[in-house]
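Student: A structural model of the following input is requested.
(one chain, ligands or ions: 2)
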Amino acid sequence: MQPNLSDQYASLPDAFYARVDPTPVAQPRVIALNSALAKSLGIDLDWLHSADGLAVLSGKKVLPDSQPIAQAYAAHQFGNWVPQLGDGRAHLLGEIETPDGRIRDLQLKGSGRTPYSRGGDGRSSIGPAVREYLATEAMAALGIPTTRALAVISSGEDVMRERPEPGGIMCRVAASHVRIGTFEYFARNGHGEHVQTLADFAIQRHDQDLADHSQRYFKLFDRVAKRTTDLVAHWMSVGFVHGVMNTDNMAVSGETLDYGPFGFLDTFAPDTAFSYIDRRGRYAWSRQPTIAHWNLARLAECLLPLIDSDPNQAIEIANERLNQIPQDFEQAFHARLCRKIGLDPGQDAAQLALDLLDRMAAGEADMTLTFRALGHLDLDPDNSNLNNGDLNARQHFNEPESFDQWAANWRSALNAVKGNHAERQRSMQATNPAFILRNHLAQRAADAAVNDLDFQPLHDMLKVFAKPFQNQPEHSAYQQPPRPGEVVANTFCGT
Ligand code: AMP
Ligand code: MG
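Tutor: Ligands and ions are numbered 1, 2, ... in the order given. Just a heads-up that it's a prediction; the model follows:
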């Protein structure tokens with residue numbers, strides 16, 4: 001049975017979107033279907049796997065209640081104002097209500113031209129489609145809020161990039177596709193009336209409990225700020241670099257949106273940026289809290305007239321909340337760091353964890369392997385000379401003595417707190433992943449797809465990255481950092 005879609009976003013004023021159907025492709029073929037996600041959405045698996053399902057996922061057929069649209073938005077890209085963007089190669093098919101009553105967008109990406117395509121072809125190469133599918137599933141398994149992927153389809157048509165590449169379509173599932181840039185589109189282009197409509201929509205979708213609040217628009221901003229700082233802290237705790245935190249790629253839902261030139265740190269190098277156009281490192285790992293703050297200031301500007309009718313008062317209220325963001329972030333990030341070293345959040349524990357990060361940077365240690373090794377440590381103080389964990393962790397440092405010094409301090413901190421060592425170990429292993437989607441692996445899956453239409457690496461990796469906190473010794477090759485020839489320094493968003 002085909003799913004029922006609603007047209008909530010398509011029922012907003014015309015200025016919010018362009019009504020346009022996807023363009024069918026020559027020979028659509030299923031590459032991957034996400035049955036677990038489909039089930040959670042209440043989508044009938046028989047239908048999903050049927051010819052009718054493929055027709056919908058590839059953009060050939062439009063479901064009866066569906067009114068496909070391309071959403072309009074604007075953005076600050078690398079700090080520069082771009083007044084008109086929008087889905088240039090994506091179609092929002094509509095919304096689905098899950099069995100537990102949540103609403104989720106179903107969107108096709110790579111599904112053809114729209115009025116916002118500018119010079120683009122409206123298509124996507126299969127490489128980036130595979131990469132995004134794999135990335136969203138790996139992020140979800142890490143417990144990080146993210147848009148999801150229901151399907152990836154090969155189109156049977158080539159797209160012209162630097163060379164011809166096979167085309168792909170992805171079906172993306174999101175709590176919504178409302179971006180900071182969607183607010184900017186109306187607020188900065190002189191359509192203040194639509195800002196309120198959009199804010200009401202966002203409240204209805206994400207923060208229903210605020211609907212009757214007397215300061216609901218300020219509270220909405222407060223919630224988006226909280227979700228965003230939590231998200232960035234979560235990203236950074238596993239070494240994730242979004243890569244292009246332009247305001248059109250920041251969802252107000254607090255989900256990770258738009259997997260372009262993203263990457264995970266191998267060696268802990270805080271200045272790492274992944275986008276090849278990001279020469280100054282604007283979106284580097286360590287810059288993400290500052291950029292999130294900057295983006296949230298752009299959102300606050302859009303909401304000022306709704307926050308208070310007195311402009312000075314509105315600015316004061318917004319600024320007060322904005323000024324709190326660095327502390328919010330620090331608190332969220334430090335709490336995660338403390339848990340990563342097996343200690344309860346607190347000033348001293350955070351200092352200890354930050355000290356480890358400094359030593360990792362100086363000693364060029366692999367971030368994931370180092371933290372994971374800590375969780376394998378024999379924490380029993382009576383065995384402190386015999387633990388393999390120390391050995392495993394110290395071997396990742398250029399100067400292992402630097403780790404030894406730190407480990408001695410850490411050991412005293414652990415011994416000073418009560419608690420069950422085995423439990424602490426379990427909790428560290430549930431916090432420090434063994435497997436992250438290292439950039440060279442994502443690239444390997446994408447390259448195999450583009451060059452050979454080989455999707456085995458994708459399927460192999462989906463299985464491994466679905467259980468990032470389990471040891472999976474049979475898959476230890478996927479734990480390793482890239483060999484020198486495998487390093488992918490820059491990721492092109494040429495999608
Ligand atoms: P992104 O880099 O994916 O965030 O895209 C930035 C903007 O460029 C968005 O408005 C996209 O819809 C648009 N865009 C990216 N690729 C294409 C394409 N192949 N055809 C049309 N528009 C595109
Ligand atoms: Mg984008």
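
Student: check which element follows the worst-scoring helix or strand of the chain on mean pLDDT along the chain.
Tutor: Taking mean pLDDT, DSSP states H and E as the measure, helix 388-394 is the helix or strand of the chain with the lowest mean score, a mean of 72. Next helix or strand after helix 388-394 toward the C-terminus (DSSP states H and E): helix 400-416.

Student: pLDDT (mean, whole number) over that following helix?
Tutor: On average, the pLDDT along helix 400-416 is 93.

Student: now whichever helix or strand comes after it - C-alpha only, CSV.
Tutor: Downstream of helix 400-416, the next assigned helix or strand under DSSP H and E is helix 421-429. Below are the C-alpha coordinates for helix 421-429, written out as CSV (Å, rounded to 0.1, in the frame of the first residue of the first chain):
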residue,chain,number,x,y,z
HIS,A,421,35.3,0.4,37.1
ALA,A,422,33.5,-2.1,34.8
GLU,A,423,30.5,0.2,34.6
ARG,A,424,32.8,3.1,33.8
GLN,A,425,34.4,1.1,31.1
ARG,A,426,31.1,0.2,29.6
SER,A,427,29.9,3.8,29.6
MET,A,428,33.1,5.0,27.9
GLN,A,429,32.7,2.4,25.2
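
Student: what residues sit buried inside helix 421-429?
Tutor: In terms of neighbour count (16 or more other CB atoms under 10 Å), helix 421-429 has its buried residues at 424-425, 427-429. Bear in mind the C-beta positions are built from the backbone N, C-alpha and C, glycine included.

Student: quick one, phi psi at the residue nearest to the spatial centre of the chain?
Tutor: Centroid-nearest residue in the chain, with CA atoms, centre = their mean: T256, separated by 2.7 Å. Backbone dihedrals for T256, given as degrees, to the nearest 10, come out at phi -60, psi 130.

Student: what about it, distance to H440?
Tutor: Separation of T256 from H440 (CB to CB, to the nearest Å): 20 Å.

Student: what of A335?
Tutor: Counting by CB to CB, the gap from A335 to H440 is 31 Å.

Student: now do the contacts for F201.
Tutor: 8-9, 12, 178 (CB atoms under 8 Å, 6 or more residues apart in numbering).

Student: can I get the residues you listed in CSV including neighbour count?
Tutor: Output for these, formatted as CSV (neighbours: other CB atoms under 10 Å):
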residue, neighbour count
Q8, 16
Y9, 20
L12, 17
V178, 25
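
Student: of these, closest to D460?
Tutor: Closest to D460 out of these is V178 (35.1 Å), distances taken as CB to CB.

Student: the closest one and P305, how far apart?
Tutor: 18 Å.

Student: ok, now V152?
Tutor: 42 Å.

Student: more neighbours: the two, which one.
Tutor: Remark: of V152 and P305, V152 carries more neighbours, 28 against 15, as counted by other CB atoms under 10 Å.

Student: am I right that the more buried one is in a helix?
Tutor: No. Going by DSSP: H, G, I helix; E, B strand; the rest coil, the assignment for V152 is strand, not a helix.
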